[in-house]
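Enquirer: predicted model and sequence below, questions to follow.
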Amino acid sequence: LLLLWTFCEWPELLVSNSQREIWKWWEEEPKYEDSIKWMSLRHNGPAFPPPYERLPDNIKFYYNGEIVTLNSEAEEVASLYAKMLYHELTRDETFCKNFFTDWKDAMSPEVKDVIAALDQCDFREMAAYYKRKKTNEKVQQEFGYFFLDGHKQRIGNSPSRGKLKKKILPEDVTINCSEKEIPEPLPGCSWGQVQHNSAVIWLASWKESPPGKLKYMMPHANSKLMGERDWKKYEVARRLKHHRDHIQEQYRKDWDSEDKSLQQRGVVLYLIDKFALRVGNKTKEGMMANTFGCCSLRVKHVTLHEDHKGETKKLEFNFMGKSSILDKKMVPVEEKVFRNLQLFKEEKGERGEADLFDHVNPQVLNTYLKGLTKGLTTKVFRTHIASITMEQELKNLTHHIKDKVSSFNEANRKVAELCNHQRTKPALHWFELQVTIEASRDELSLSKKKLEQAMQGSSTEELKNDVKRKDDELRELGVNSSMEENKQLNLNSSKLYYIDPRIIVAWCIKWGVPVEKIYTKAQRDKFAWAIHMNDENFEF
DNA sequence: AGCCAGACTTGGAAGAATTTTC
DNA sequence: GAAAATTCTTCCAAGTCTGGCT
């Protein structure tokens, strides 16, 4: 009976995704123009977290060992801190200072009188309580989907996210949907705005309070709207092969140009075309993280090396790229590029902080490229080069050293290296490390003791090995803690954003490798269009 | 012509789930 | 059978690029 009742309540949601029929949108004829993204768009809007619930009576907050009852608002803010009590950040002085200031604003005068220092606060009971509490899956069921032209589709980012920022209310949210399908806001609330703009694909948007940046509720990567764009992206990147010769010819001419902006454009385009650099827009001058791309490179980021015979010209990049990932590599360049760069550096009097390419910017570049072929922008080069490289690497794989999947990963690794996709092996935090080292040292001395005791007897071989192993372990801990060389390549980004999935599908068919070995479930959903095309002869 | 809000794309890290190892 | 290692998913920050404004 219970089952039946549940079934009636959520008939569609009980059918798991794998059992559902897939909407093969890629087999359909386009029903409307490119500029129109949808005919009907229905969804429930973002989910809002329920109003704050007070702590149960048995969970207490202590100040200086005494129980203190916080007013509701102060308790709510305290709960945010309690939830991350064991996080490294709570040992950060600035973090604590900022939090304490904001927290005080939420306190009633009486409470404020009592609480004078953060380090006298005991959040441990609260922290334990929240750790037990589980998030509610029902929210995902009700709000995790939208309907595009009658088809059910998953929503991408979770609408209820956003930690310490100001709470988002329905009044802050703009809804984008079909005319007659406006979602219900929370009782007693109304939406900030409702629009019916079929030229865009987002479902809801709002301004995030401290940074003032726009946030969007977008369709999931496996939805038609996202898949269609992805497909189109790879088609544009594919078409670049028909224009690359001409582009190269053109920029070679520009190297000799009298016009400084043409000359710089030529060199920049060469670097992007050869080394798959990002274009390098101006980054928002937030207090920290000065990052760079091709157009924004400074003089100090590029070092020129000429070997003693003056035969090979090399360029050394050394700069912080997107997400503050270090891009450091030595690459050979053509003579004229080398001379031009020398010139650009000299012009700035070798001042390290000066912009290396002061006569070009991303807009200029993109305007030029768009004139060459529709849809061409600088980022297309990265996609193109990555896909071409992968295709070539896979073609070169005539035999498999270990197994097919390992060979595949080798090819993938080349692409990741090219795109400079890194991943930092999470280093143990300092104090965790101390604890680990301590424990490791104890184990070692214990084993040594055992060995000594056993020396008189026989069969000490095993114990000797044990000591040796533990000694090595301890030594390794010391090495790892000294950090550096913790950088590893991350193959996921190139696989998800740069390599045309049809190249991979074709390879899988050719070598009889199940696609499941290469793409995870989520990735197969994202690339469903390519997998279903099932084209063994696909050539990028 | 330069600037910036708006709308997407791309990225590594954290956290969850799963597999492997001891 | 638990802990450790690895893999996968989610999260949301950090990029790109367009087009409208001044």
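Expert: Nice, thanks for sending it over.
Enquirer: what about stretch A:302-320, near DNA strand B?
Expert: No. Using CB under 7 Å from any atom of the strand, we find that stretch A:302-320 stays clear of DNA strand B, coming within 11.4 Å at best. To be clear about C-beta, it is placed using only N, CA and C from the backbone, and glycine gets the same treatment.
Enquirer: report the distance from that stretch to the chain centre.
Expert: Centroid separation between stretch A:302-320 and its chain, computed with CA atoms, centre = their mean, to the nearest Å, is 32 Å.
Enquirer: give the contact list for the nearest residue to A:P362 once chain neighbours are set aside.
Expert: Distances taken as CB to CB, 6 or more residues apart in numbering put A:V279 closest to A:P362, at 4.5 Å, once the chain neighbours are dropped. Neighbouring residues of A:V279 by CB atoms under 8 Å, 6 or more residues apart in numbering: A:I272, A:G293, A:C294, A:C295, A:P362, A:L365, A:N366, A:T377, A:T378, A:K379.
Enquirer: A:V279 in helix, strand or coil?
Expert: In terms of secondary structure, A:V279 is coil; the call rests on DSSP: H, G, I helix; E, B strand; the rest coil.
Enquirer: how much space separates the residue lying closest to A:D355 once chain neighbours are set aside from A:T291?
Expert: Counting by CB to CB, 6+ apart, the nearest residue to A:D355 once its immediate chain neighbours are dropped is A:R298, at 6.2 Å. The gap separating A:R298 from A:T291 is 12 Å, by CB to CB, to the nearest Å.
Enquirer: ok, A:S35 next?
Expert: Taking CB to CB as the measure, A:S35 and A:T291 are separated by 33 Å.
Enquirer: next, the nearest residue to A:A354 once chain neighbours are set aside: phi, psi?
Expert: For A:A354, ignoring the flanking residues on the chain, the nearest one in space by CB to CB, 6+ apart is A:K348 at 3.7 Å. The phi/psi pair for A:K348 (degrees, to the nearest 10) reads phi -90, psi 10.
Enquirer: tell me if I'm right that A:K348 and A:F357 touch.
Expert: No. With contact defined as CB atoms under 8 Å, A:K348 and A:F357 do not form a contacting pair (10.4 Å).
Enquirer: compare those two (neighbour count), which wins?
Expert: Per other CB atoms under 10 Å, whichever of A:K348 and A:F357 has more neighbours is A:F357, with 22 against 15.
Enquirer: give the contact list for the more buried one.
Expert: Under the criterion of CB under 8 Å, 6+ apart, the contact list for A:F357 reads A:Q264, A:V267, A:V268, A:C294, A:C295, A:L297, A:F344.
Enquirer: let's see 7 Å
Expert: With contact set as CB atoms under 7 Å, 6 or more residues apart in numbering, A:F357 has these partners: A:Q264, A:V268, A:C295, A:L297, A:F344.
Enquirer: residues contacting the closest residue to DNA strand B within the stretch 151-300 of chain A?
Expert: Closest residue of the stretch 151-300 of chain A to DNA strand B, CB to the nearest atom of the strand: A:V200 (3.0 Å). With contacts defined as CB under 7 Å, 6+ apart, the neighbours of A:V200 are A:K37, A:N176.
Enquirer: mind redoing it with 10 Å?
Expert: Counting by CB atoms under 10 Å, 6 or more residues apart in numbering, A:V200 touches A:K37, A:W38, A:N176, A:Y216, A:L225.
Enquirer: how near is it to DNA strand C?
Expert: As judged by CB to the nearest atom of the strand, to the nearest Å, A:V200 and DNA strand C stand 11 Å apart.
Enquirer: so that residue versus A:Y216, what's the distance?
Expert: Taking CB to CB as the measure, A:V200 and A:Y216 are separated by 9 Å.
Enquirer: mind listing the shared neighbours of these two?
Expert: Jointly contacting A:V200 and A:Y216 under the rule CB under 10 Å, 6+ apart are A:N176.
Enquirer: correct me, but the residue nearest to A:D355 touches A:F344?
Expert: No. Contact criterion CB atoms under 10 Å: A:R298 and A:F344 do not qualify, at 11.1 Å.
Enquirer: so for the two, which residues contact both of them?
Expert: Between them, A:R298 and A:F344 share these contacting residues under CB under 10 Å, 6+ apart: A:A354, A:D355, A:L356, A:F357.
Enquirer: quick one: low-confidence parts of the stretch 301-450 of chain A?
Expert: Of all residues in the stretch 301-450 of chain A, those with pLDDT under 70 make up the ranges A:308, A:400-401, A:425-450.
Enquirer: point out the residues in it that sit beside DNA strand B.
Expert: Taking CB under 7 Å from any atom of the strand as the criterion, the stretch 301-450 of chain A approaches DNA strand B at residues A:322-323, A:325, A:361, A:363, A:379, A:382-383, A:419-424, A:426.
Enquirer: so among those, which ones count as buried?
Expert: By neighbour count, with 16 or more other CB atoms under 10 Å, those hold A:N361, A:K379, A:R382, A:T383, A:C419, A:N420, A:H421, A:Q422 as buried.
Enquirer: keep only those of these that are in helices.
Expert: Among those, the residues falling in helices (DSSP state H) are A:K379, A:R382, A:T383, A:C419.
Enquirer: wait, the residue nearest to A:A354 touches A:Q342, no?
Expert: No. Contact between A:K348 and A:Q342 fails when scored by CB under 10 Å: they sit 11.5 Å apart.
Enquirer: next helix or strand past the worst-scoring helix or strand of chain A on mean pLDDT?
Expert: Every helix and strand in chain A was compared by mean pLDDT, DSSP states H and E; the lowest is helix A:2-9, with a mean of 23. Per DSSP states H and E, the first helix or strand lying C-terminal to helix A:2-9 is strand A:41-43.
Enquirer: quick one: which of the contacts of A:V200 has the most company?
Expert: Using other CB under 10 Å as the neighbour criterion, A:N176 leads these with 23 neighbours.
Enquirer: how close does that one get to DNA strand C?
Expert: Applying CB to the nearest atom of the strand, one obtains 17 Å for the distance of A:N176 from DNA strand C.
Enquirer: repeat for A:W202
Expert: Distance from A:W202 to DNA strand C, counting by CB to the nearest atom of the strand: 12 Å.
Enquirer: that's a strand at A:Y368, yeah?
Expert: No. Looking at A:Y368 with three-state DSSP, it is helix, so not inside a strand.
Enquirer: which secondary structure element is home to A:V268?
Expert: Using DSSP H and E, A:V268 maps to helix A:260-275.
Enquirer: near DNA strand C, anything from that helix?
Expert: No. Figure legend: helix A:260-275 not in contact with DNA strand C (CB under 7 Å from any atom of the strand); closest approach 9.3 Å.
Enquirer: then stretch A:296-315?
Expert: No. Under the criterion of CB under 7 Å from any atom of the strand, stretch A:296-315 makes no contact with DNA strand C; the nearest approach is 7.8 Å.
Enquirer: brilliant, that's me finished.
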